[in-house]
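Colleague: sequence first, predicted coordinates after that:
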Amino acid sequence: MRKSLVITADDFGLHESVNDGIEQASRCGVLTAASLMMAAPAVEDAIRRARRLPHLRVGLHLVLADGWATLAPQLIPALAGPDGRMSGGMFAKGVRFFALPWVRRQLEAEIRAQFSAFARTGLPLDHVNVHKHFHLHPTVLEMLIRIGREYGMPAVRVPEEPYWFAMQGGTWLSAANGVLLAPWLALMKRRLRSAGVLHNDRIFGLAASGAMTERRLLEILARLPPGITEIYLHPATESGGRISPSMSQYRHADELAALLSPRVRAAVASAHANLGGYSDMNRATGRHAA
């Protein structure tokens, strides 16, 4: 099995400094893909930039917590406050998704609205992932697969990180979470394959979210295994709370520097991997389904 590598920037559209960082990393660095937040404050600027970046593969970064809703708040009061912002309380939301049919109807409407908003951009849909990886929730995953099929969703990120890298998160908890989630992650992959949706074999960026430095990228690239690997980052020309209060500890500018690093570029070349977005992986591997 050949090595395939997708290097993704999340939160495209969140802030103009994020958009600027993504454009720089696409033009001058190793970035191959970006995930677009459809109701974020700088989404129109992101769409304009994406249209002039023909080599950047763009996907949908579905937001269901800690971000702005696409639908008017009066249509989805269970999800968004009067200002249209969805809180970050994922546990409470998850319980309501299981227990309350009327909440699930609002959830489905918002997911469909975000897919529709992406379709209206005219950009080819490269992949779908979910902010905070909320598609670990079975209800969200089921809706994502079902609605995504209507919009030609080609690929979905599975948040399965190798233990050796997860341990670098600073505590044993990151790796322990991976062990506990392993059965569900395997089931996620089976469900995606049965739906004909491509997925990654592994990901890097969970335990070190906001701190994917040059050193970490070089470590990953030195140990890049066969199969589809996704590395995701949050590059920007500014850092921390100026972009979002929930990202006060994120080192966005350091992650941008890593993507622009000549050493990282050389390591990517030395890995001899298929490089691109998920649409490129589909063409190169023919792995729509098992």
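Modeller: Perfect, I can see it now.

Colleague: phi, psi of A195?
Modeller: phi -90, psi 0 (degrees, to the nearest 10).

Colleague: residues of stretch 181-190 that come out buried?
Modeller: For stretch 181-190, a neighbour-count test (16 or more other C-beta atoms under 10 Å) marks 185, 188-189 as buried. Where you see a C-beta, it was placed from the backbone N, CA and C, and this is true even at glycine.

Colleague: over to stretch 69-84?
Modeller: Those would be 69-71, 73, 76, 79-80, 84, for stretch 69-84 by 16+ other C-beta under 10 Å.

Colleague: so which of those residues is the closest to R120?
Modeller: The nearest member of the buried residues of stretch 69-84 to R120, counting by C-beta to C-beta, is T70 at 10.9 Å.

Colleague: does that closest one touch R120 like I think?
Modeller: No: if you go by C-beta atoms under 8 Å, T70 and R120 don't touch, sitting 10.9 Å apart.

Colleague: hey, what's in contact with both of these two?
Modeller: Common neighbours of T70 and R120, counting by C-beta atoms under 8 Å, 6 or more residues apart in numbering, are absent.

Colleague: residue ranges for the strands of this protein, please.
Modeller: 3-12, 33-36, 57-62, 67-68, 85-86, 128-130, 155-156, 198-199, 202-204, 227-233, 274-275 (DSSP state E).

Colleague: just put those in CSV and tack on mean pLDDT, distance to R242 and mean neighbour count.
Modeller: Formatted as CSV, these follow (pLDDT from 0 to 100; distance: least, C-beta to C-beta, whole Å; neighbours: other C-beta atoms under 10 Å):
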stretch, mean pLDDT, distance to R242, mean neighbour count
strand 3-12, 97, 13, 26
strand 33-36, 98, 20, 28
strand 57-62, 98, 20, 28
strand 67-68, 94, 17, 22
strand 85-86, 92, 18, 18
strand 128-130, 97, 24, 25
strand 155-156, 98, 31, 28
strand 198-199, 97, 34, 22
strand 202-204, 96, 26, 22
strand 227-233, 97, 18, 24
strand 274-275, 96, 31, 17
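
Colleague: want to throw the ones you listed into TSV with distance to E108?
Modeller: What follows is these, written out as TSV (distance: least, C-beta to C-beta, whole Å):
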stretch	distance to E108
strand 3-12	23
strand 33-36	20
strand 57-62	12
strand 67-68	18
strand 85-86	15
strand 128-130	14
strand 155-156	17
strand 198-199	22
strand 202-204	26
strand 227-233	26
strand 274-275	35
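
Colleague: relative to V95, which of the ones you listed is closest?
Modeller: That would be, of the strands of the chain and by C-beta to C-beta, strand 85-86, which comes in at 15.5 Å.

Colleague: packing partners for that closest one?
Modeller: strand 67-68 (3 or more C-beta pairs under 8 Å, 6 or more residues apart in numbering; DSSP states H and E).

Colleague: which residues touch the strand it packs on?
Modeller: Contacts of strand 67-68 (C-beta under 8 Å, 6+ apart): 37, 39-41, 84-86, 131.

Colleague: same thing but at 6 Å, please
Modeller: 39, 84-86, 131 (C-beta atoms under 6 Å, 6 or more residues apart in numbering).

Colleague: I'd like to know how far the closest residue to S248 other than its chain neighbours sits from G29.
Modeller: Spatial nearest neighbour of S248, excluding adjacent residues (C-beta to C-beta, 6 or more residues apart in numbering): G241 at 4.1 Å. If you measure G241 against G29 using C-beta to C-beta, to the nearest Å, the figure is 24 Å.
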